[in-house]
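**Q** With the input below, show me the fold.
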Amino acid sequence: MTYDPRAEVLQAQLDMGKPTIVWIATRGDTGFYETDETGTYKLVPYEHVVVAYGYDGGGVYISDPGNASLTYYSWDWFLSAWSVMDGMALSVYPA
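**A** You can find the predicted model right below:
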C-alpha cells in the first residue's frame, strides 16, 4: 500500500499492468479528525474505493464496484479527489 497522490506513481503501476485500488473523496474534502485510545484518524464522508485500470493524457479509467460501472475522470478531478486520502492506493497483482 502506498500514500502518494502523484499521477506518475499511479501511472507506473498501470504501466506494469497492475490495476490499482484507489481511495477517492467524491464530494471534495469533507473530512474531519477523530481521536480515540488508538490515536487520531481522518474520517471522510463520501469517500469511495474504486479500481484504476488505465489512463491517457486527459485522465484515468476507473472500474467502480459501487455501481458496476466503468468511468473516466479527468486528471484534475481525479488527483484532487485522490489527494484527500493522501493518495492511498493498493496495486493488485500475483506474487
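**Q** roughly how far apart are the residue lying farthest from the centre of the chain and residue 24?
**A** Distance to the chain centre peaks in the chain at residue 37, reaching 27.8 Å (criterion: CA atoms, centre = their mean). Remark: distance between residue 37 and residue 24 (CB to CB, to the nearest Å) = 29 Å. C-beta coordinates here come from the backbone N, C-alpha and C atoms, glycine included.
**Q** which of the residues in the longest strand along the chain are buried?
**A** For the chain, the strand with the greatest residue count under DSSP state E is strand 47-56. By 16 or more other CB atoms under 10 Å, the buried positions in strand 47-56 come out as 47-48, 50-53, 55.
**Q** What of stretch 7-24?
**A** Neighbour-count burial for stretch 7-24 flags 10, 13-14, 18-24 (criterion: 16+ other CB under 10 Å).
**Q** and if you look at stretch 65-74?
**A** Under the neighbour-count criterion of 16+ other CB under 10 Å, stretch 65-74 has residue 73 buried.
**Q** which secondary structure element contains the residue nearest to the spatial centre of the chain?
**A** By CA atoms, centre = their mean, the mean C-alpha position of the chain lies nearest to residue 22, the distance being 2.6 Å. Using DSSP states H and E, residue 22 maps to strand 20-25.
**Q** Give the rounded mean pLDDT of that strand.
**A** The pLDDT scores in strand 20-25 average 96.
**Q** any residues touching it, and which ones?
**A** 10, 13-14, 31, 44, 46-53, 78, 81-82, 84-85, 88-92 (CB atoms under 8 Å, 6 or more residues apart in numbering).
**Q** Let me see the ranges of the strands in this structure.
**A** Along the chain, the segments classed as strands by DSSP E run 2-3, 20-25, 32-36, 39-43, 47-56, 59-64, 69-74, 88-91.
**Q** Among those, show the one with the smallest mean pLDDT.
**A** Here the strands of the chain differ in mean pLDDT, and the lowest is strand 2-3 at a mean of 82.
**Q** Who are the packing partners of that strand?
**A** Applying 3 or more CB pairs under 8 Å, 6 or more residues apart in numbering; DSSP states H and E, one finds that strand 2-3 contacts strand 88-91.
**Q** so residue 5 makes contact with residue 78?
**A** No - here residue 5 does not reach residue 78: they are 9.5 Å apart, not a contact under CB atoms under 8 Å.
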